[in-house]
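Engineer: The following comprises the amino acid sequence and a computationally predicted model.
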Amino acid sequence: MTSSTNTSSPSAPNRRALVVGATGIGGSALVDLLAESGWQVTALSRRPGAPRAGVRALSADLRSADDLARVLADERPTHVFFTAWSRQSTEEENIAVNGGMVRDLLFALSAAPVAHVALVTGLKHYLGPFEAYGQGAMPDTPFHEDEPRLDAPNFYYTQEDELFAAAARDGFTWSVHRSHTVIGHAVGNAMNMGLTLAVYASICRELDAPFVFPGSLSQWNGLTDMTDATVLAEQMVWAATSEAGRDEAFNVVNGDVFRWRWMWPRLAAYFGVTPVGPGENPQPLAERMVDAQQVWDRVVAANGLVEPDVTRIASWWHTDADLGREIEVVTDMSKSRLAGFTLHHRTVDSFTALFDRYRAERLIP
C-alpha cells in the first residue's frame, strides 16, 4: 500500500486546516491524517468530540448562519475540508439545509486566506436522492465524473453550486470527492455500515442466530465497491495540495471490487457467526432489529462495553438502503489515478481493521 499525499512537505506546518464535520466518519479520519502530517488543525462540529493532541476544537450550529459567523469570525484557515451533512425528511429540505450549510460557512470565511476548499459528496450524484434512489434514467456503471447531472433535485448539486459560487467570489480552488459507502471510525454517525454490521453480527452471536444478509439478490451477486475513510482523507489532502487536484471532481473508492456473496462469509468468520445468503426479497435490518436494544443491553453487560445505546452505533436504515439496492453500483477511479493519486485498499482489510479498532475501544465484543 502506497500513499500519494504530500503532507510531509516542509510547508505543511504552515497550512491551517478547518475540518467541518470533524466527528463524522470522513472528518475523523481527516483530522487524524492532518494532525499526524504536521498541519495546524481546527476541528469544527456541532458537538465537540474526544480531545486529540494538536487539534483545536470548535463547536457551532452548521445550520445557523449567525452562529457560523460568530464562531468563525477570527478563524484564518488556508484549507477547508467540508465533510458534514444533516439528514432531513425530504430532498427539498435536504437542499435547503445542506446547501445552506456550505453557503453560510464559506460566506463566514470570506475574509480568511482560504486557498482551497474540498467538499465530500457521494454516489447519489449518479444515483439520485433518497426519495428517488436508483430510480429513473442513470448512467451506466462504472460511474465516471463527467456524467451529466440527473434531471432531479439533489442536495449534492446544490452543495457543488454553492462551492463554485464561493470560489468565484473569493478566489480559492476547490475539489469535490464522490465517495461510496464510507466505512471508518465514528460513533453516533447516521451512515455507518461498518459499525452497523459489527453490531448486527454481535447480536446474532448473542442470540446464536444466523448472520443473514439483509439485502437483495442483486447486491449479493453483483459487483460493488466501497470507500475506506482513510482513503477519502488521503485523496482530499492530495487534491488540496496538488496542482492536478484543483478545480476537479473525483470519485473515491478503495480501488478493489467485490461481491457480497464473497465478502459476507469473511465478515461472519471474524465474529464467529454462520453466514446465510439473501432470500427472494430483502429482509431489512430496520424491521428485524426492532428489539435490538434489549439484546444489546445483555451484550454490553456481559462484555463491559462503553456504548449502551444501540441507536448511536447502528444505522439500520442506511445499511438497508445500500444492501437492498436492485442495481449494480461500481465506480471508476481512472481520473484521480491518472492525475497521480494511487492509494489502494482491499475492502476486506478495511473492515477487519475497523472491527479490530472498535474491539480495542470496547464498542463491540
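Structural biologist: Good, I have the coordinates. On a predicted model such as this, the values are computed, not experimentally measured, just so you know. Numbering: from 1, shown residues only.
Engineer: Flag every buried residue along stretch 349-365.
Structural biologist: Neighbour-count burial for stretch 349-365 flags 350-351, 353-355, 358, 363-365 (criterion: 16 or more other CB atoms under 10 Å). Every C-beta, even on glycine, is put in place using the N, C-alpha and C of the backbone.
Engineer: same question but for stretch 39-55, I mixed them up
Structural biologist: 39-45, 49, 55.
Engineer: In terms of distance to residue 116, which of the residues you listed ranks first?
Structural biologist: residue 39 (12.6 Å; CB to CB).
Engineer: Distance of that closest one relative to residue 17?
Structural biologist: 5 Å (CB to CB, to the nearest Å).
Engineer: Going along the chain, name the strands of the protein.
Structural biologist: Remark: strands assigned in the chain by DSSP state E are 16-20, 40-45, 55-59, 79-82, 116-122, 173-179, 182-183, 211-212, 223-224, 227-228, 248-252, 258-259, 275-276.
Engineer: any idea which of the ones you listed is most buried?
Structural biologist: strand 227-228 (a mean of 30; mean count of other CB atoms under 10 Å).
Engineer: Can you tell me the strand partners of that strand and which way each runs?
Structural biologist: strand 182-183 (parallel) (DSSP bridges).
Engineer: shaky segments in this structure?
Structural biologist: 1-13, 134-136, 189-190 (pLDDT under 70).
Engineer: Excluding chain neighbours, what is closest to the residue most central in space within the chain?
Structural biologist: With distances taken as CA atoms, centre = their mean, the chain has residue 182 as the residue nearest its mean C-alpha position (4.0 Å). Computed as CB to CB, 6 or more residues apart in numbering, the closest residue to residue 182 that is not its neighbour in sequence is residue 227, at 4.7 Å.
Engineer: which ones are touching that neighbour?
Structural biologist: Counting by CB atoms under 8 Å, 6 or more residues apart in numbering, residue 227 makes contact with 179-183, 252-254.
Engineer: and it, how far is that from residue 333?
Structural biologist: 10 Å.
Engineer: Overlap in contacts, the two.
Structural biologist: Going by CB under 8 Å, 6+ apart, residues that sit against residue 227 and also against residue 333 are 252-253.
Engineer: Could you report the distance from residue 311 to residue 188?
Structural biologist: Taken as CB to CB, the span from residue 311 to residue 188 is 9 Å.
Engineer: Mind checking which of the two has more residues around it?
Structural biologist: Between residue 311 and residue 188, counted using other CB atoms under 10 Å, residue 188 has the larger neighbour count: 16 against 11.
Engineer: thought the more buried one was touching residue 312?
Structural biologist: Yes: using CB atoms under 8 Å, residue 188 is in contact with residue 312, at 4.7 Å.
Engineer: Once you drop chain neighbours, what's closest to residue 57?
Structural biologist: That would be residue 48: by CB to CB, 6+ apart, it lies 4.5 Å from residue 57.
Engineer: which residues does that neighbour contact?
Structural biologist: Counting by CB under 8 Å, 6+ apart, residue 48 has contacts 23, 57, 59.
Engineer: Considering this protein, which helix comprises the largest number of residues?
Structural biologist: When the chain is scanned for its longest helix (criterion: DSSP state H), the result is helix 91-108.
Engineer: contacting residues around it?
Structural biologist: Taking CB under 8 Å, 6+ apart as the rule, helix 91-108 contacts 20, 62-65, 68-69, 71-73, 80, 82, 84-88, 114, 117, 119, 129-132, 153-155, 158-159, 161-163, 165-166, 170.
Engineer: could you measure residue 249 against residue 177, distance?
Structural biologist: 8 Å.
Engineer: repeat for residue 51
Structural biologist: Taken as CB to CB, the span from residue 51 to residue 177 is 27 Å.
Engineer: Kindly report the same for residue 115.
Structural biologist: For residue 115, the distance to residue 177 - CB to CB - is 17 Å.
Engineer: and what of residue 116?
Structural biologist: 12 Å.
Engineer: Point out the one among the strands of the chain that comes closest to residue 282.
Structural biologist: Of the strands of the chain, nearest to residue 282 by CB to CB is strand 211-212, at 10.4 Å.
Engineer: which strands and helices sit next to the closest one?
Structural biologist: helix 193-207, helix 260-271, strand 275-276 (3 or more CB pairs under 8 Å, 6 or more residues apart in numbering; DSSP states H and E).
Engineer: Pairing partners for it, with directions?
Structural biologist: strand 275-276 (parallel).
Engineer: Alpha carbons of stretch 31-47, as PDB, please.
Structural biologist: Coordinates of each C-alpha in stretch 31-47 appear next as PDB, following Å, rounded to 0.1, in the frame of the first residue of the first chain:
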ATOM      1  CA  VAL A  31      -8.300  15.200  11.400                       C
ATOM      2  CA  ASP A  32      -6.100  12.200  12.300                       C
ATOM      3  CA  LEU A  33      -4.200  12.400   8.900                       C
ATOM      4  CA  LEU A  34      -3.700  16.200   9.000                       C
ATOM      5  CA  ALA A  35      -2.600  16.200  12.600                       C
ATOM      6  CA  GLU A  36      -0.100  13.400  12.000                       C
ATOM      7  CA  SER A  37       1.200  15.200   9.000                       C
ATOM      8  CA  GLY A  38       2.100  18.400  10.800                       C
ATOM      9  CA  TRP A  39      -0.800  20.600   9.800                       C
ATOM     10  CA  GLN A  40      -2.400  23.100  12.200                       C
ATOM     11  CA  VAL A  41      -5.900  21.600  12.600                       C
ATOM     12  CA  THR A  42      -9.100  23.100  13.800                       C
ATOM     13  CA  ALA A  43     -12.000  20.600  14.200                       C
ATOM     14  CA  LEU A  44     -15.500  22.100  13.800                       C
ATOM     15  CA  SER A  45     -18.600  20.200  14.700                       C
ATOM     16  CA  ARG A  46     -21.900  20.700  16.300                       C
ATOM     17  CA  ARG A  47     -20.700  18.900  19.500                       C
END
